[in-house]
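S.K.: Build me a model:
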Amino acid sequence: MKDATKASSKAAKMKTREKPLTPVLIIPGFMSSVLTVQSSSLRPSWKDQRLWLNITALGFNSIHRGGKLRRNEEIRSTRILNAEKKGRTAEAMSDSAIEEMHVQYLKAVESKNQWVEHMRLSDDMISEKKGVVVRALPGTAGVDYLSEGALTESMSYVFGPVLKLLRSVGYKDGVNLEAAPYDWRIPPSALETRDKYFTQTVATIERLYHFNENTPVVILCHSMGCKTAHYLFNFVVHNKGVHDGLQWIAKYISCYVPVGAPHIGAPASVRCMMDGDKMGLEAFLSDFEGLLLGRSLGSAPWLFPLESTDPQKASSDAPQSNKSEITPKTPQTSSMPISFLRQESSLHITIPPQRLPLESFLKDRDMYPTKLRLAIRLGKNLTMRTNYFTITQNEPFIDFNNETWIIPCPIDIEKTVREYPSIQICIEKPGAGLPKKRERGICDFDIFWPIRCALCLVKWFLCCPCALLARMGRFVSSGAMKGVNAGASALGSCVVIVDSEPVNWNDRLLGANNQSTDTEEGRGRKLNIEVKMKQCESDNGPFFWQLLFWRHPRSEKIRLNVKWEPPSMNSSMEPVPLWQKSIKFTSCDTKQLLHMEGMGRALRLMKETYEADPIGPLTSSSWHPPPVKRIISVYGINLPTETAAVYRRNPCKHIPSSNRKSESSELQPTFVLDCDALLNKQTSATHSINRGMIFETSKSPQNVITADGKTVTELKSGDGTVPYWSLQHCRMWQGQGFAKCDVTVHEIDSAEHRAILNDGRFHKILLDLLGCS
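M.R.: Numbering: from 1, shown residues only. A predicted model of the protein is given here:
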């Protein structure tokens, strides 16, 4: 009897072993698929190289802050500056080792610039740059580690730890374990149009199903990959029809496992588009390069947080095939608005098209300046400057063409004119020292002219020896000053050679504002100002010299257009959780913020690509229940997570003349993070703020959805990337949608958004789900 029992037990174990493992398909998240260069006219040698993310192979790993090439550049710059002061520049550049590393640095910088050009998308935020073809690396190799190597794998893991776990319990790549990487830079509709991604993923699921004795597949996804999977399910329903699509999903899909899912978006995506996204490469990329990347990614709107909770509108926007679906419940969104703006007016100062002649200021100078720039002083504390213009004796002038500065000001015009009561124009050259005040000479006629003549006679007849000595001293000091100016200009210093008297514009600006009307160019009325500039370093010579060579004071006029505009938005009626003395804030939604920033391309993409997509990436494939029966959601909680951001106007946005514009000048942000913003006393008890970003914390009250659909208030926060209200949205799908979803939620305390993939607690949940524990 015992032998029979043992044999039966052994047979049962053998049968259990022979039962195929549940196949798993992995869909990675944002920045979590390896991207490779398939072809490039910019860098043909990069063909088949990892673009995302292998900075070592691409040649700019040593230019990070603190890297050996960056340190060498600092040493080299210091040596050259010191040598220039002594007139020995050639000696500073004679060190062969330093110069060889300098050449390497220039090559590395060029590699980095080319890398950015390969990563960023064109103006339509969908297509790649001309001559560049970048695609995701297929299979599990495209989702394990972003950067190969023993040292970098631990820092760049994605699904690497999960793959290692599954292989240890018997899973085999290509048999019962597969991945579906994708180009995470583009919208979902473009993934299908360009790469046939969703069609191929459907085929991969069917293959896994048949390879494993008709066993339904587990769809394991992370972050934005959860939205990709949600879109995939609706893609099947849309293409096959509701009836056949639901049957296909019921047959081939075992369950949907979203991990760290931003079901209704993440506020950080808006901030990354506004402020730039360096993608974790802060040590390598500049702010401008981060802005280039962040504002070119067409996938960013897919992650924008849901702000409109009108279920009727969302239902009317749903794809035709899904119209029979019962209207989903209204989602629980953030308890506070996603974006706040400091209430500020703005002052627009424009130099209209004109030519400013400089010959009268420069023709008698000992050293003819090679470059000059214009500076505009507002009040006592603000100075705005153009870039340097190259000046030659054949072309002693500066051409302007609507060069503009936009300055944030107090909320009303009365406070604005008190802060900036006057305007003053000056011309600067590279150099050092304070400008010489122009002394009134014999050529300046006023009521004191006879007195000045008399004083000059006394000076030159009675104090002639002293005057001659002073003249000799000036000659000696001018020679010394030339050397000082050379070193100062290398350090970026400048000296004023032409300026104007401060022009008081209070009454004129107030008067222009009272007559202002709203126009297509904006609110406010232009005020035209003409400013007369005179030479600062004026030396008209001694009295007798002035009598022999009669000269009028050297001066030129420049025209300016000035316009004051009130705040872009009126104060919101709802309470704002911010406080700062004498400053008001208002809330705004994402579309308003993008419009005021001038990001028409992103708004056009949202309208023409996302909102026009029949599969509804922002509606039925976002917060509506997916057409899947079984959903097991896993995410981390109780970490500080960005939930809103506070913006203010750029302290000085400079728009160069149209003939001097560059990509960097056109990409200047209108709004930047308000690093001075503070939370009010009530909000600071539950949230925190850092550099203009507001974070929910483990003390933040959340409306947690219970199993019976009700809500209770609990103190929780998100996983460090996705806020709690977006992570827990899947709870609202319980019993909802075509498939009457059965939702199970696992919350893991202190599990960070990416680190959860290497968390033993998540691994145990996954093995239990797959029946491998």
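S.K.: close enough to count as contact, E344 and P567?
M.R.: Yes. Using C-beta atoms under 8 Å, E344 is in contact with P567, at 6.1 Å. The C-beta positions use only the backbone N, C-alpha and C, and glycine is treated the same way.
S.K.: shared neighbours of the two, anything?
M.R.: I411 (C-beta atoms under 8 Å, 6 or more residues apart in numbering).
S.K.: Name the spans of the stretch 401-550 of the chain whose pLDDT lies under the cut-off.
M.R.: Across the stretch 401-550 of the chain, the ranges flagged by pLDDT under 70 are 431-493, 512-525, 536-550.
S.K.: Touching, R731 and V745? I think so.
M.R.: Yes. With contact defined as C-beta under 8 Å, R731 reaches V745; the gap is 6.1 Å.
S.K.: and the residue nearest in space to the middle of the chain, how far is that from G760?
M.R.: When C-alpha atoms, centre = their mean is applied to the chain, the residue found nearest the centroid is G276 (1.0 Å). Distance of G276 to G760, given as C-beta to C-beta, to the nearest Å: 35 Å.
S.K.: again with S684
M.R.: Counting by C-beta to C-beta, the gap from S684 to G760 is 35 Å.
S.K.: Check M732 too.
M.R.: M732 is 29 Å from G760, by C-beta to C-beta.
S.K.: cool, S223 as well?
M.R.: Per C-beta to C-beta, S223 is found 20 Å from G760.
S.K.: Counting neighbours, go ahead and name the busier of these two.
M.R.: S223 (29 against 10; other C-beta atoms under 10 Å).
S.K.: Which stretches in the stretch 101-250 of the chain count as strands?
M.R.: Taking DSSP state E, counting those that start in this stretch, the strands of the stretch 101-250 of the chain run over residues 132-136, 177-179, 217-222.
S.K.: Sorry, wrong one. I was asking about the stretch 351-500 of the chain.
M.R.: Under DSSP E, counting those that start in this stretch, the stretch 351-500 of the chain gives strands at 354-357, 371-378, 382-385, 389-390, 397-400, 403-409, 422-430, 494-500.
S.K.: Show me what the last one is packed up against.
M.R.: This points to strand 494-500. Strand 494-500 sits against strand 371-378, strand 422-430, helix 464-490, strand 527-535, with contacts defined as 3 or more C-beta pairs under 8 Å, 6 or more residues apart in numbering; DSSP states H and E.
S.K.: just the fifth one next, same as before
M.R.: Using 3+ C-beta pairs under 8 Å, 6+ apart as the contact criterion, the elements in contact with strand 397-400 are strand 354-357.
S.K.: Show the pLDDT at P187.
M.R.: pLDDT, P187: 97.
S.K.: List the contacts of it.
M.R.: P187 is in contact with 126, 298-299, 301-302, 605, 609-610, 613, 617, counting by C-beta under 8 Å, 6+ apart.
S.K.: Kindly report the same for Q668.
M.R.: Neighbouring residues of Q668 by C-beta under 8 Å, 6+ apart: 650, 653-655.
S.K.: would you turn these into JSON lines with pLDDT?
M.R.: Listed next are these as JSON lines, based on pLDDT from 0 to 100:
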{"residue": "N650", "pLDDT": "92"}
{"residue": "K653", "pLDDT": "89"}
{"residue": "H654", "pLDDT": "87"}
{"residue": "I655", "pLDDT": "85"}
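S.K.: Just the ones of the residues you listed in strands?
M.R.: Among these, the members falling in strands (DSSP state E) are 653-655.
S.K.: still on that earlier bit, out of the strands of the stretch 351-500 of the chain, which gets nearest to A261?
M.R.: Closest to A261 of those is strand 403-409 (C-beta to C-beta; 38.3 Å).
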